[in-house]
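Participant: below are the sequence and a predicted model for it; my questions follow.
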Amino acid sequence: MITQLRTRLASNCTRLIRSPTALLSGVVLAAISAGCGLSTSGESRLSAKSSAIAKDLPCEDFHVDDGTEEGHSSHLGCTGLYSSWWQRVIAPDVREFAPGYTLWSDGADKGRWIFIPPGSQIDTGGKSGSGTMDTWTFPVGTKAWKQFSLGPRLVETRLLWKRSAGWFRATYVWSDDELSAIEYTESTGLLVEGVDPEGPGYEIPPANACVQCHGGGPDTLLGFEAIGLAVKEARGLTLDELVRQELLTANPDGAYLIPGDADAQEALGWLHSNCGTACHNDRRLPGPTQLHMILKTSALAAVEDTDTWTTAVSQLSRYRPSPFCRESSWFRIAPGDPACSTIPYRTGVRDEYPGPYFNQMPPLLSHRVNPEAVETLRRWIATLPAQPPPELGPFTE
Ligand code: HEC
């Protein structure tokens with residue numbers, strides 16, 4: 001433990017700047033100077049860490065009256081994730097989970113936890129509720145956290161909390177020495193530099209950006225859903241565990257495994273969690289010509305049953321890097337021809353920071369390509385039998 005702390009403290013200070021040019025908030029500046037300005041050895045920083053957080057956090061000092069019944073806390077340590085801030089003990093009623101397929105976050109490692117108020121259930125289609133197995137509705141009081149680290153350094157922990165008047169969204173930025181994690185209240189992203197030699201850095205989103213993705217979920221949460229928690233790669237509070245602990249109002253009527261061979265499963269799972277759950281679904285992009293990459297529990301019998309297949313494969317792409325790809329057209333997925341498929345193309349490009357992001361997908365926050373995902377998509381598309389070219393209509397959609 002001590003060795004681990006020493007390693008962390010010895011690591012170089014990461015510079016934080018708020019994008020594009022504005023000044024840091026006082027709190028973040030204080031956190032940075034606490035972590036970066038110290039000229040003392042790692043040993044004395046370690047004891048500073050001990051004394052500063054040996055006593056319980058005075059949570060009343062961090063309470064923010066934001067006009068809601070519950071208010072919220074400006075310190076992560078007071079949000080309910082930890083039963084002991086000093087020892088970093090996760091509260092016993094908070095459960096860890098990991099969906100089988102996750103969102104690429106520019107190489108950050110992530111941890112996720114959820115709190116479901118004792119005695120309540122998630123509405124997944126029981127008699128009285130409005131939820132379904134594809135559109136879960138969470139009980140008031142539900143909280144979910146997602147923690148991001150870069151190498152050994154904790155960077156931010158995000159919170160989604162269903163309060164009586166609606167969802168609270170925030171991220172808490174860890175100071176360099178990990179003594180504190182304070183709510184980030186600015187309206188533009190915060191860039192953590194020095195973590196990616198090839199890109200501008202890792203971007204912490206402002207609270208107003210959460211809804212751009214989480215607004216596409218049926219009830220805000222995106223990764224805590226049937227398919228991501230059913231696949232064999234899921235961990236912690238999985239779909240099986242939810243059933244076992246009687247936390248769902250209706251239990252699954254199938255295994256909800258992704259169809260196809262290993263490449264197809266990986267590609268469909270990746271597109272589901274990186275594109276489908278937040279934006280490319282019929283909630284966000286209604287209409288028959290839209291590209292939908294969300295998987296549905298009722299459409300998993302074969303790869304061809306999925307929305308990803310029906311709305312992408314052999315469908316002309318509205319977005320075209322140039323009018324033609326060789327002599328052919330660009331397709332969302334051109335079977336057998338990954339080089340003329342816009343889905344791997346846009347997954348594999350990044351626009352220059354700080355935007356505008358016209359080409360890259362997803363069109364926000366990410367500044368580094370995930371080469372493995374691009375490779376998986378290309379490999380899968382390359383195996384699809386080429387189809388006779390459809391009649392080319394006007395590119396009106
Ligand atoms: C670019 C889209 C995007 C943005 C912006 C975004 N998220 Fe997420 N978030 C996701 C996706 C997709 C998942 C599920 C996949 C995963 O966890 O890797 C997720 C998962 C989470 C989770 C775990 C619970 C869940 O929904 O599965 C929390 C908590 C969370 N996000 C909080 C936030 C907060 C707070 C913000 C804003 C400060 C935010 N997110 C901004 C896409 C986004």
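Facilitator: Now that the structure is in, tell me what you want to look at.

Participant: for the stretch 251-397 of the chain, which residues are neighbours of the ligand?
Facilitator: Within the stretch 251-397 of the chain, the positions lying close to the ligand (CB under 6 Å from any ligand atom) are 273, 277-278, 362, 364-365. Yep, even glycine has a C-beta here, placed from its N, CA and C like the rest.

Participant: just the buried ones from these?
Facilitator: For those, a neighbour count by 16 or more other CB atoms under 10 Å gives the buried set as 273, 277-278, 362, 365.

Participant: mind putting those in a markdown table, secondary structure included?
Facilitator: Shown next, in a markdown table, are these (DSSP: H, G, I helix; E, B strand; the rest coil):
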| residue | secondary structure |
| --- | --- |
| Ser273 | helix |
| Thr277 | coil |
| Ala278 | coil |
| Pro362 | coil |
| Leu365 | coil |
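
Participant: would you turn those into TSV with pLDDT?
Facilitator: Formatted as TSV, these follow (pLDDT from 0 to 100):
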residue	pLDDT
Ser273	98
Thr277	98
Ala278	98
Pro362	97
Leu365	96
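
Participant: count of residues packed around Ala165?
Facilitator: 11 (other CB atoms under 10 Å).

Participant: now the helices for the stretch 51-200 of the chain?
Facilitator: For the stretch 51-200 of the chain, the helices defined by DSSP state H, counting those that start in this stretch cover 59-62.

Participant: what stretches of it score poorly on pLDDT?
Facilitator: 51-55 (pLDDT under 70).

Participant: from Val243, how far out is the most centrally placed residue in the chain?
Facilitator: For the chain, the residue nearest the mean C-alpha position is Leu103 (4.8 Å; CA atoms, centre = their mean). According to CB to CB, to the nearest Å, Leu103 and Val243 sit 25 Å apart.

Participant: what do you get for Ile258?
Facilitator: Counting by CB to CB, the gap from Ile258 to Val243 is 19 Å.

Participant: what about those two, which has more around it?
Facilitator: Higher neighbour count among Ile258 and Val243: Ile258, with 21 against 13, using other CB under 10 Å.

Participant: where does the closest residue to that one other than its chain neighbours fall, helix, sheet strand or coil?
Facilitator: Residue nearest to Ile258 in three dimensions, not counting chain neighbours: Gln265, with 4.4 Å by CB to CB, 6 or more residues apart in numbering. Here Gln265 is recorded as helix under three-state DSSP.

Participant: could you report the pLDDT at Gln265?
Facilitator: What the model reports as pLDDT for Gln265 is 98.

Participant: gap between the two ends of stretch 119-137?
Facilitator: From the first residue to the last, stretch 119-137 extends over 15 Å; the measure is CA to CA, to the nearest Å.

Participant: over to stretch 92-108?
Facilitator: 26 Å.

Participant: and stretch 263-277, by the same measure?
Facilitator: Start-to-end, stretch 263-277 (CA to CA) is 20 Å.

Participant: next one: that stretch to chain centre, how far?
Facilitator: Computed by CA atoms, centre = their mean, to the nearest Å, the chain-centroid distance of stretch 263-277 equals 14 Å.

Participant: show residues contacting that stretch.
Facilitator: 99-104, 216-217, 222-223, 225, 227-228, 231, 257-260, 280, 292-295, 303, 306-308, 343, 347, 361-362, 373, 376-377, 379-381, 383 (CB atoms under 8 Å, 6 or more residues apart in numbering).

Participant: next, the contact list for Arg350, please.
Facilitator: 199, 360, 366-369.

Participant: by pLDDT, rank these and give me the bottom one.
Facilitator: Gly199 (83).

Participant: pretty sure that one is touching His367, no?
Facilitator: Yes: here Gly199 reaches His367: they are 4.5 Å apart, a contact under CB atoms under 8 Å.

Participant: shared neighbours of the two, anything?
Facilitator: 106, 350, 353.

Participant: list just the nearest of the contacts of Arg350 to the ligand.
Facilitator: Ser366 (7.2 Å; CB to the nearest ligand atom).

Participant: tell me the contacts of the closest one?
Facilitator: 104-106, 350, 360.

Participant: longest strand in this structure, please.
Facilitator: Longest strand in the chain by number of residues (criterion: DSSP state E): strand 153-163.
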